[in-house]
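Asks: following is a predicted model, sequence given first.
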2 protein chains.
Amino acid sequence: MFFQFKEQLPHLAKYWDAFMAMHQRIEVPAKTILLAEGEVSKQSFLIEKGCLRVWFNNNGKDTTFQFFFENEGLSSLESFRKNIPGMFSIETVEPCVLHVLQKKDFDRMMEELEQQPAVLKEMINVMMERQLHYMKEFLSFIRDSPQERYLNLLMQKPKLIQRVPQHYIASYLGITSVHLSRIKNKILKEKQV
Amino acid sequence: MFFQFKEQLPHLAKYWDAFMAMHQRIEVPAKTILLAEGEVSKQSFLIEKGCLRVWFNNNGKDTTFQFFFENEGLSSLESFRKNIPGMFSIETVEPCVLHVLQKKDFDRMMEELEQQPAVLKEMINVMMERQLHYMKEFLSFIRDSPQERYLNLLMQKPKLIQRVPQHYIASYLGITSVHLSRIKNKILKEKQV
DNA sequence: TTGATTTGATAACATATGTTATCGTCCACA
DNA sequence: TGTGGACGATAACATATGTTATCAAATCAA
């Protein structure tokens, strides 16, 4: 099932079934926009099958910010938590099977959860891991060249490379699809030598 | 004093004096290394006066990851919380007046704080803001050119530009100091037109 | 004060990356 | 079963950025 960390997060795990029961299961085709940039997010998503991307309009250019796959969950965090317009669109890359949670249900559950220190403590750990994730993404941009970032992606998330169209990956790496194509070609030649 | 958010975080604020009392006040000259990359972090810092930078050795190149100024606090988060070797060095840029907290004292205080849901809830908010901070830094690297990032810095943190040597800023922006010099020159010329 | 170190600017050249355009392939779908 | 669009490769050219070296000014230490 979705929740990968039941062992490390025993208190959160107790609520998992109730949490899941609040979700609605939906099937959506590829290229479906689940949340449009500038809207206030009222839903969060869990992915049973398929792939989503989070992107934004950057002066007319479609720029991907993050990808999500099976057994991962997401929302437009700032928008969802603060009820403000979000900076990103959320869109399916492949046909997907999703579980959708309405914010009002999330808030109702939070009212109960936030009474319990043990649960909150685990939520802090989850948030710390997310913070470290973005910190490391940021770090990688300062430290690595586009070619290195592509090679990292190839090592760490080979499925992403296979399943996601190249121009989405390119914008995620901060480069153009032309340049990504060149990088792939260069890597190929280096392998052959 | 240090704690800027007393109004938004009333429960945390109640513990502020006790928290501060655990710190030791120290004065250190510029270019003092407070924590070396690869060490396990046993201390966190609050800055009364001066400026720190967090950096790492990137194949022999000194690369700055983040700056901190008056009224800000920091630690090598992952190392401090998980007792593992840190990825970063922490170093003073200017002569500083700091308040140092030992991890064992931090842990002792946490034992009390983590009993209290209201406090934990505020800590979750603090962590969410930090997560958003790194998310936005990451976003800016995908979205903006080095020149745009420099202009953003100039708008949002003019003091940083004034106080920090240019080669530190350059590596923080992900470019060389030569290129940053060119960018400054270009901006100057554009202004004159 | 003087000498050494740090800092910043700049030039010349090399490499990386973007832009635009063209072409071939593949695939969803009418 | 065509067929238009999505996808990816590539070329040619323009621009951005890195590398190395040199010089001047500012700063720091003896």
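Replies: Now that the structure is in, tell me what you want to look at.

Asks: how about the residues of chain A by chain B?
Replies: A:56, A:58, A:63, A:65, A:77-78, A:81, A:87, A:114-117, A:120-121, A:123-124, A:127-128, A:130-132, A:134-135, A:137-139, A:141-143, A:171-172, A:174 (C-beta under 8 Å from any C-beta of the partner chain). All C-beta atoms are positioned from the backbone trio N, CA, C, and that covers glycine.

Asks: mind running it again at 7 Å?
Replies: For chain A, the contact set with chain B under C-beta under 7 Å from any C-beta of the partner chain comprises A:58, A:63, A:65, A:78, A:81, A:114-117, A:120-121, A:123-124, A:127-128, A:130-132, A:134-135, A:137-139, A:141-143, A:174.

Asks: any of the residues you listed buried? List them.
Replies: Buried by 16 or more other C-beta atoms under 10 Å in any protein chain shown: A:63, A:65, A:78, A:81, A:114, A:116-117, A:120-121, A:123-124, A:127-128, A:130-132, A:134-135, A:137-139, A:141-143, A:174, out of the residues of chain A next to chain B.

Asks: okay, buried residues for stretch A:174-186 please.
Replies: Buried residues in stretch A:174-186, counted by 16+ other C-beta under 10 Å: A:174, A:175, A:180, A:183.

Asks: which one of those is nearest residue B:36?
Replies: residue A:174 (30.5 Å; C-beta to C-beta).

Asks: which residues in chain A form helices?
Replies: Shown for chain A, the helices assigned by DSSP state H span residues A:10-14, A:16-21, A:77-82, A:103-113, A:117-143, A:146-156, A:158-163, A:166-173, A:177-192.

Asks: please export the C-alpha coordinates of stretch A:27-34 as PDB.
Replies: The C-alpha trace of stretch A:27-34 is given here as PDB (Å, rounded to 0.1, in the frame of the first residue of the first chain):
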ATOM      1  CA  GLU A  27      -9.100   7.400 -12.500                       C
ATOM      2  CA  VAL A  28      -8.000  10.200 -14.800                       C
ATOM      3  CA  PRO A  29      -6.400  10.200 -18.300                       C
ATOM      4  CA  ALA A  30      -2.900  11.600 -19.100                       C
ATOM      5  CA  LYS A  31      -2.500  15.400 -19.200                       C
ATOM      6  CA  THR A  32      -5.300  16.100 -16.800                       C
ATOM      7  CA  ILE A  33      -4.900  19.200 -14.800                       C
ATOM      8  CA  LEU A  34      -5.800  18.500 -11.200                       C
END
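
Asks: show me what contacts the residue in chain A positioned nearest to DNA strand D?
Replies: Residue nearest to DNA strand D within chain A: residue A:166 (3.0 Å; C-beta to the nearest atom of the strand). Neighbour list for residue A:166: A:177, A:180 [criterion: C-beta atoms under 7 Å, 6 or more residues apart in numbering or on different chains].
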